[in-house]
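Peer 1: no sequence for this one, just the structure:
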């Protein structure tokens, strides 16, 4: 029998904290952790895609309601482009006609119970229990809190760098012409 992924994170956090954690406290600290991770790293932000067909360059196309920024805009051929303009943070306007795929950053969904599904890159799942454990021991043991938060910071940075390496593995590295 497999446990709910959130219940597994709760059990790991309880183990790291050395104390039981209530569902209410877990949900509060889990949502705060997602917020902090998305503030620190773009790779932890939720994204959503929409396809826009631009037939008139004077048209403004609405972004999603909960859009917090643009991740990337792709041409029909799949190339990353910059020939667009964001207007008032709510609309996008293109300089040429075409069909564009717009990937937008959206707000991370807050969980309300342990039975909900959540969307986060699984690489970050190692650091979330550490964060929750640190928040639980914050008032009791300051030294353990600092140690757990430094471990959280290291694991989150490692997760971010590994995601960036995987998504950028075919990049070309320029070498100097003359040695």
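Peer 2: Yep, it's here. Please read all numbers here as calculations on a predicted model, not as lab measurements.
Peer 1: Give me the longest helix you can find in this structure.
Peer 2: Ranked by residue count under DSSP state H, the longest helix found in the chain is helix 142-167.
Peer 1: So what pairs up with the closest residue to residue 80 other than its chain neighbours in the strands?
Peer 2: Ranked by Cβ to Cβ, 6 or more residues apart in numbering and with sequence neighbours excluded, the top spatial neighbour of residue 80 is residue 72, at 5.4 Å. Glycine gets a C-beta too; all of them are placed from N, C-alpha and C. Legend: beta-bridge partners of residue 72 under DSSP bridges are residue 103.
Peer 1: and this structure, what are its domains?
Peer 2: 5-43+109-167, 46-106 (automatic domain parsing).
Peer 1: can you tell me which residues contact the residue nearest the centre of the chain?
Peer 2: Against the mean C-alpha coordinate of the chain, by Cα atoms, centre = their mean, the closest residue is residue 44 at 1.7 Å. Shown in contact with residue 44 (Cβ atoms under 8 Å, 6 or more residues apart in numbering): 34, 37-38, 108, 120-121, 124, 156, 160.
Peer 1: Please name the nearest non-neighbouring residue to it.
Peer 2: Residue 44's closest residue in space is residue 37 (Cβ to Cβ, 6+ apart), at 3.9 Å.
Peer 1: What is the neighbour count of the residue nearest to residue 80?
Peer 2: 13 (other Cβ atoms under 10 Å).
Peer 1: next one: phi and psi at the residue nearest to the centre of the chain?
Peer 2: Here the main-chain torsion angles of residue 44 (degrees, to the nearest 10) amount to phi -90, psi 0.
Peer 1: Which residues belonging to the helix or strand hosting residue 68 are considered buried?
Peer 2: Residue 68 is part of strand 67-74, with elements assigned from DSSP states H and E. By neighbour count on 16 or more other Cβ atoms under 10 Å, the buried set for strand 67-74 is 67, 70, 73-74.
Peer 1: ok, so of those residues, who is nearest residue 95?
Peer 2: Nearest to residue 95 among the buried residues of strand 67-74: residue 73, at 11.3 Å, using Cβ to Cβ.
Peer 1: Just confirm the residue nearest to residue 44 contacts residue 156, I think it does.
Peer 2: Yes: using Cβ atoms under 8 Å, residue 37 is in contact with residue 156, at 6.2 Å.
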